[in-house]
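# generate a structure from the sequence data that follows.
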Amino acid sequence: MAKKQKKATPKRVPTKHQLSRWQRQTKIRRIVIIAAVVFLAGILSWVGYAYNKDYKDRVVILREVVIEVNGVPFTMEYYVKTLDAYTTGMDSESIYYMAGYIADMVALNIIEAELLIQGAKNLGIEVAPEEIDAKLKEAELPDNEAWRNIIHAILSQEKLEEQFGSNLTATMEQAHVQVMLVESEEVADEVITKIEAGSNFTALVDEFSCNSSIEGDLGWLPQELMPNTLIADAAFNLTPGEISQPIYDESAIKNVGYWLIEVTDKEDDKVKARVMLLGSEVEAEHVKAELVSRNFSSLAKEYSQHESKYEGGELDWLKQGDMGSEAFDEVAFNITANEVSEPVKDESVQTTGGYWIVNVVDRGEHQLGEDVKEWLRDRHLSDWFEEWKENSTIENLLDEEKKSWAVDRVLQGR
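So this is what the prediction gives:
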């Protein structure tokens, strides 16, 4: 008997309303997906652009020529590497706070190192790569372009010193002189009188000299190594055994000054004062005598060597220690108000203007001492270098922004 066939279930046909709803949902999903794709593509494109731009900017900056010496270019990349080399061993904080000074110093060193290398070559002095290799190895330094150039310059200078030293003669015209700087012509006359009466020149230096950097027996020196032209002229024009008359030098620096102080008001542990700083006791006494007919302010503007002269000598309220001078404080905080002090000697200040006394012990052709040879060598080398630098073409294109960028680059790598 044949089986009965199962009756098929009729499919449900969606209504027009359902079709419309499904179509809207599909359309919304499509829009959302497209928007998401477009958004993600935009984000990825922006990130890629930003990355590429930053990369390109860095590459462009690093390849930019920032220094040129006689046609030899140095890029920002080289400058950064040299900056890194010169600051080896420095902590980041020190580099940050000294950034301006360090950036300028490194730029100058790049220029002068290249000038040394070029100048040495012009004189026939060569530094072999093997010499640089050995020096780098000895000092345990990295073998890169920056360090190689630094070592190249150092070796070039050593060879230049050797060559300039070898060019010196064994003897030359020299003078044996004794010198001292005193504060006034009156003191100079007193010293000369004592010397002519038989007093020892160098013994008098301890009592009267007011410039510790140039004083006493200088020994045998050629004219070009004399401390200044005034001393040189006396040394090579006076008869040996003759003492010069007082020689005035307006630019000479003395380690002494004399205050005139007038306290105009007092309050607890403070004083209000006006002051003058003079170059000698004689000048201070002369200026004080002038106060009879002239006011303090005008005399301060004319004679004082203290910075307050532009305000007529007027100072703000002072506490002890503010002027950095015990000699000043001892008088200023004990003087009667509205009275001008006697000249107050102060050896903690510096003033300009003084009188040289030169004693020519002997003069003639004399053997060069080792120290004199070294000084002459350095003088001749320095003169040669300055002339070479003056005649060179140097371009420093580093501005504050570029130097700051380079310093930041070094700090990022620390």
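# now do the closest residue to G313 other than its chain neighbours against A327, distance only.
Closest residue in space to G313, ignoring its immediate chain neighbours: A300 at 3.4 Å, by Cβ to Cβ, 6 or more residues apart in numbering. C-beta: built from backbone N, CA, C; applies to glycine. As defined by Cβ to Cβ, to the nearest Å, A300 lies at a distance of 19 Å from A327.
# and those two? Which one has more around it.
Neighbour count, other Cβ atoms under 10 Å: between A300 and A327, A300 has more, with 24 against 17.
# unless I'm mixing things up, the more buried one is touching G312, no?
Yes. Counting by Cβ atoms under 8 Å, G312 is a contact partner of A300 at 5.2 Å.
# give me the mean pLDDT for the helix or strand where L155 lies.
In the assignment (DSSP states H and E), L155 maps to helix 145-166. The average pLDDT within helix 145-166 is 97.
# past it, which element shows up next along the chain?
Downstream of helix 145-166, the first helix or strand assigned by DSSP H and E is strand 171-182.
# quick one, the helix or strand following that following strand and strand 171-182 angle?
Following strand 171-182 in sequence order, the next helix or strand is helix 185-196 (DSSP H and E). Orientation of helix 185-196 against strand 171-182 (axes from the mean of the first three to the mean of the last three Cα atoms, to 10 degrees) gives an angle of 120 degrees.
# show me which residues of helix 185-196 are buried.
Residues E185, V187, A188, V191, I192, K194, I195 are the ones in helix 185-196 that count as buried (16 or more other Cβ atoms under 10 Å).
# next one: stretch 357-368
By 16+ other Cβ under 10 Å, the buried positions in stretch 357-368 come out as I357, V358, N359, V360, V361, R363, H366, L368.
# longest strand in the chain, please.
strand 351-367 (DSSP state E).
# same for it, what does it pack against?
strand 171-182, helix 185-196, helix 229-235, strand 247-254 (3 or more Cβ pairs under 8 Å, 6 or more residues apart in numbering; DSSP states H and E).
# what's the angle between the first one and strand 247-254?
Same thing as strand 171-182. Angle, strand 171-182 to strand 247-254, by the same axes, to 10 degrees: 70 degrees.
# can you start the count at 22 instead of 1 from here on
That works, and once the first residue is 22, the last one we named lands at strand 192-203.
# helices and strands around strand 192-203, which ones?
Identification of packing neighbours for strand 192-203 by 3+ Cβ pairs under 8 Å, 6+ apart yields helix 206-217, helix 222-229, strand 237-242, helix 250-256, strand 268-275, strand 372-388.
# then the last one?
With contacts defined as 3+ Cβ pairs under 8 Å, 6+ apart, the packing partners of strand 268-275 are strand 192-203, helix 250-256, strand 372-388.
# now do the second one
Taking 3+ Cβ pairs under 8 Å, 6+ apart as contact, the helices and strands that helix 206-217 lies on are strand 192-203, helix 222-229, strand 372-388.
# likewise for the third one?
Under the contact definition 3+ Cβ pairs under 8 Å, 6+ apart, helix 250-256 sits against strand 192-203, strand 268-275, strand 372-388.
# would you map the strands across this protein?
Using DSSP E, strands in the chain cover 86-90, 93-96, 192-203, 237-242, 268-275, 278-288, 291-299, 335-339, 365-367, 372-388, 415-417.
# tilt between the longest one and strand 278-288?
The directions of strand 372-388 and strand 278-288 differ by 160 degrees, with the same axes, to 10 degrees as the criterion.
# average pLDDT for strand 372-388?
For strand 372-388, the mean pLDDT works out to 97.
# can I get the CA coordinates of that strand in CSV?
Taking Å, rounded to 0.1, in the frame of the first residue of the first chain, the C-alpha atoms of strand 372-388 are listed here in CSV:
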residue,chain,number,x,y,z
THR,A,372,90.8,99.9,40.6
THR,A,373,92.5,101.0,37.4
GLY,A,374,95.4,103.4,36.8
GLY,A,375,98.9,103.2,38.3
TYR,A,376,102.6,103.8,37.9
TRP,A,377,105.2,101.3,36.7
ILE,A,378,108.7,101.3,38.0
VAL,A,379,111.1,99.4,35.8
ASN,A,380,114.7,98.4,36.8
VAL,A,381,116.8,97.2,33.9
VAL,A,382,119.3,94.9,35.5
ASP,A,383,121.0,93.8,32.2
ARG,A,384,120.4,93.5,28.5
GLY,A,385,122.0,91.7,25.5
GLU,A,386,122.2,88.5,23.5
HIS,A,387,121.2,85.8,26.0
GLN,A,388,120.4,82.0,26.0
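# what angle separates it from helix 222-229?
Angle between the axes of strand 372-388 and helix 222-229 is 170 degrees (criterion: the same axes, to 10 degrees).
# what's near enough to touch the residue nearest to K215 when sequence neighbours are not counted?
Spatial nearest neighbour of K215, excluding adjacent residues (Cβ to Cβ, 6+ apart): L225 at 6.1 Å. Residues counted as contacts of L225 (Cβ atoms under 8 Å, 6 or more residues apart in numbering) are M201, V212, K215, I216.
# pick out the most distant pair among the residues you listed.
Pairwise distances across those (Cβ to Cβ) peak at 11.7 Å, for the pair M201 and K215.
# look up how far T109 lies from V277.
On the measure of Cβ to Cβ, V277 and T109 end up 44 Å apart.
# I meant to write G121 there.
For G121, the distance to T109 - Cβ to Cβ - is 19 Å.
# burial count for Y118?
A total of 10 residues lie near Y118 under the criterion other Cβ under 10 Å.
# now it: how far from Y107?
Using Cβ to Cβ, Y118 is found at 16 Å from Y107.
# so, low pLDDT: which residues of the protein?
22-79 (pLDDT under 70).
# domains for it, by residue range?
Domains of the chain are assigned by automatic domain parsing as 45-78, 86-188+403-433, 192-275+373-388, 278-370.
# next one: the third one to chain centre, how far?
Think domain 192-275+373-388. Offset of domain 192-275+373-388 from its chain centre (Cα atoms, centre = their mean, to the nearest Å): 32 Å.
# across the sheet, point out what pairs with G237.
With DSSP bridges as the criterion, G237 is bridged to V200.
# surely it touches M201?
Yes. Applying Cβ under 8 Å, one finds G237 in contact with M201, separated by 7.2 Å.
# neighbour count for the two, which is higher?
A direct count of neighbours by other Cβ under 10 Å for G237 and M201 places M201 higher, at 26 against 16.
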